[in-house]
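**Student:** Got a predicted structure plus its sequence, pasted below:
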Amino acid sequence: MAQTIYHNLIGGEWLPAKSGSTLKNINPADHSDVVGIFPSSDAEDVALAVAAAKKAFASWRLVPAPKRAEILYRAGQLLSERKEKYAQEMTREMGKVLAETRGDVQEAIDEAYYVAGEGRRLFGVTVPSELANKFAMSVRMPVGVIGMIAPWNFPMAIPSWKLFPALVSGNTCVIKPAEDTPLSTYNLVQTLMDAGLPPGVVNIVSGYGPEAGAPLVEHPDVRAVSFTGSSAVGSHVAQRAAANFKPVSLEMGGKNAMIVMNDANLELALEGALWGAFGTTGQRCTATSRILLHKDIAAEFTTKLVARAAALKVGNGLEAGVEVGPQVNEQQIETSTRYVGIAAAEGATILTGGQALTEGPYANGTFFAPTVLGSVTPDMRIAREEVFGPVVSLIEFSTIEEAIEIANSIDYGLSTALYTKDVNRAFTAIRDLEAGITYINAPTIGAEVHLPFGGVKQTGNGHREGLGALDFYTTWKSVYVDYSDKLQRAQIDNAE
Ligand code: ADP
């Protein structure tokens, strides 16, 4: 396939990196397939993009929100028309199977329609004043230029969760896509431009984290930063932004537990486990990476899960019948391999998989066998640290209380799942599981765009995407209008 050269989008113009440096976007299923050549940007390019966004903010903030929303709505319609093409390109650059990349584009479509509706709401609060002949209300104001740093696992959906609410609120944006998957962000932003977004309102600088991401976080004209990625980088980003009191929204890791009780529909739980653990090749922040099994059903469930995991068809996500695509790059393969080694050294049993696939059809890509680890105990590193690969750990328990304690015994708190037919247990778990998301009789993955998305503990810093994103992308202004024609002093003139 032809190699295409892509440029940064700055102030409506497509420009190469000032330094001329580039990076290669390659297909993780076939390294001989170069998806595109992208700029490897640095602080100079970031400064130009931020200046363009700052200039565009002066007029974009004055466009009525319902008009801003109409552009997003049109973008949703265009994404629907382009869904298949963009899904194919996403599978080529990121690896996950076509059904999933179609879902990723669909999520951006859903987000466009959801957020477009906000253009006619953006609700503030109107309250009575404590003084006579005085009116009190509050309105949402845009923040300014927002810096956005995205990961590679949802290369269109996650940028849409950031860009669309920021745009409808009247902000302008500079986005740095992940170095492994810039094309899907380009496709998303190209669609916004085709839908009528004015130049400079969204700017893209592609490149590596330290060279292109760090200067974006630190630029004084960037008023807020939205980051999704690893906890290690998120912590660094938050500390850099804190130096000048910049708000940061962080979405980071997970070590998500699925609890299977002895009264659960085991076939349903099995389907959920396979989808939760091996969907997106385990490379979701919400991936099911711990399955907590009630001791009564543990043996039966384990046998069935291992057989089904071993039979999953791994391969190029563009090929029909493939269920699990490659991992995104060699570094992810190294992480999966390392964690399987750590688990085995700590006493876990490799029940299936456990290594990279390198022969025959796998020789040109970064593939890892779907892996199930048995005899895992809650204190092992494999039960506590994020792998971000197709590796799931099985842990046994005796009571729901014990299961909840194990589920909560980690530093992360993103997603959890419980399989049971007992409504009392279900509601107890909903109350007691320390996580931003809890599913009952569904796996830990599958968030919908119009609910809050995010986690507690080391998964995030309290912000939410989806419902709640407007709270990050707007700032409150309280407005008092006194029509009494005299000085009225709050807390003084109305006090008896
Ligand atoms: P992942 O595991 O998804 O690769 P990372 O946290 O490494 O998670 O990367 C997420 C995003 O953060 C990517 O776009 C990456 O380029 C960016 N990034 C990495 N290092 C830094 C940094 N020092 N400053 C800002 N962004 C960074």
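**Tutor:** Looks like it arrived, so ask away.

**Student:** mind listing what the closest residue to Arg290 other than its chain neighbours touches?
**Tutor:** Spatially, and ignoring its direct neighbours in sequence, Arg290 is nearest to Ala257 (4.4 Å; C-beta to C-beta, 6 or more residues apart in numbering). To be clear about C-beta, it is placed using only N, CA and C from the backbone, and glycine gets the same treatment. Applying C-beta atoms under 8 Å, 6 or more residues apart in numbering to Ala257 gives the contacts Thr288, Ser289, Arg290, Ile291, Leu292, Ile406, Ala407, Thr416, Ala417, Thr444.

**Student:** Pro378 too?
**Tutor:** Neighbours of Pro378 in contact, by C-beta under 8 Å, 6+ apart: Arg384, Ile395, Ile406, Ser409.

**Student:** Show the pLDDT at it.
**Tutor:** Pro378 is assigned a predicted lDDT (pLDDT) of 98.

**Student:** Pull up the gap between it and the ligand, please.
**Tutor:** Shown here: Pro378 relative to the ligand, a distance of 24 Å by C-beta to the nearest ligand atom, to the nearest Å.

**Student:** ok, now Ala116?
**Tutor:** For Ala116, the distance to the ligand - C-beta to the nearest ligand atom - is 27 Å.

**Student:** The helix or strand encompassing that residue packs against which elements?
**Tutor:** Using DSSP states H and E, the element containing Ala116 is helix 98-118. Packing partners of helix 98-118 (3 or more C-beta pairs under 8 Å, 6 or more residues apart in numbering; DSSP states H and E): helix 65-94, helix 157-168.

**Student:** Let me see the contact set for His219.
**Tutor:** Contacts of His219 (C-beta under 8 Å, 6+ apart): Val46, Ala47, Val50, Gly147.

**Student:** Mind doing that once more with 10 Å?
**Tutor:** 43, 46-47, 49-51, 53-54, 145, 147, 174, 225, 246 (C-beta atoms under 10 Å, 6 or more residues apart in numbering).

**Student:** hang on, the earlier thing: and the gap between the residue nearest to Arg290 and the ligand?
**Tutor:** Ala257 is 20 Å from the ligand, by C-beta to the nearest ligand atom.

**Student:** Put the alpha carbons of the host helix or strand of Ala343 into PDB.
**Tutor:** Secondary structure from DSSP H and E places Ala343 in helix 330-345. Output in PDB follows, covering the C-alpha atoms of helix 330-345 (Å, rounded to 0.1, in the frame of the first residue of the first chain):
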ATOM      1  CA  GLU A 330       7.100  -4.400  20.700                       C
ATOM      2  CA  GLN A 331       7.200  -2.600  24.100                       C
ATOM      3  CA  GLN A 332       3.700  -4.000  24.900                       C
ATOM      4  CA  ILE A 333       4.900  -7.500  24.000                       C
ATOM      5  CA  GLU A 334       7.900  -7.000  26.400                       C
ATOM      6  CA  THR A 335       5.500  -5.900  29.200                       C
ATOM      7  CA  SER A 336       3.200  -8.900  28.700                       C
ATOM      8  CA  THR A 337       6.200 -11.300  28.600                       C
ATOM      9  CA  ARG A 338       7.800  -9.700  31.700                       C
ATOM     10  CA  TYR A 339       4.600  -9.900  33.700                       C
ATOM     11  CA  VAL A 340       4.000 -13.600  32.800                       C
ATOM     12  CA  GLY A 341       7.500 -14.200  34.100                       C
ATOM     13  CA  ILE A 342       7.000 -12.300  37.300                       C
ATOM     14  CA  ALA A 343       3.700 -14.200  37.900                       C
ATOM     15  CA  ALA A 344       5.300 -17.600  37.300                       C
ATOM     16  CA  ALA A 345       8.200 -16.700  39.600                       C
END
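
**Student:** other SSEs contacting that helix?
**Tutor:** Helices and strands touching helix 330-345, by 3 or more C-beta pairs under 10 Å, 6 or more residues apart in numbering; DSSP states H and E, are strand 349-352, strand 356-357, strand 367-368, strand 371-374, strand 391-397.

**Student:** Mean neighbour count, these: which tops it?
**Tutor:** strand 367-368 (a mean of 26; mean count of other C-beta atoms under 10 Å).
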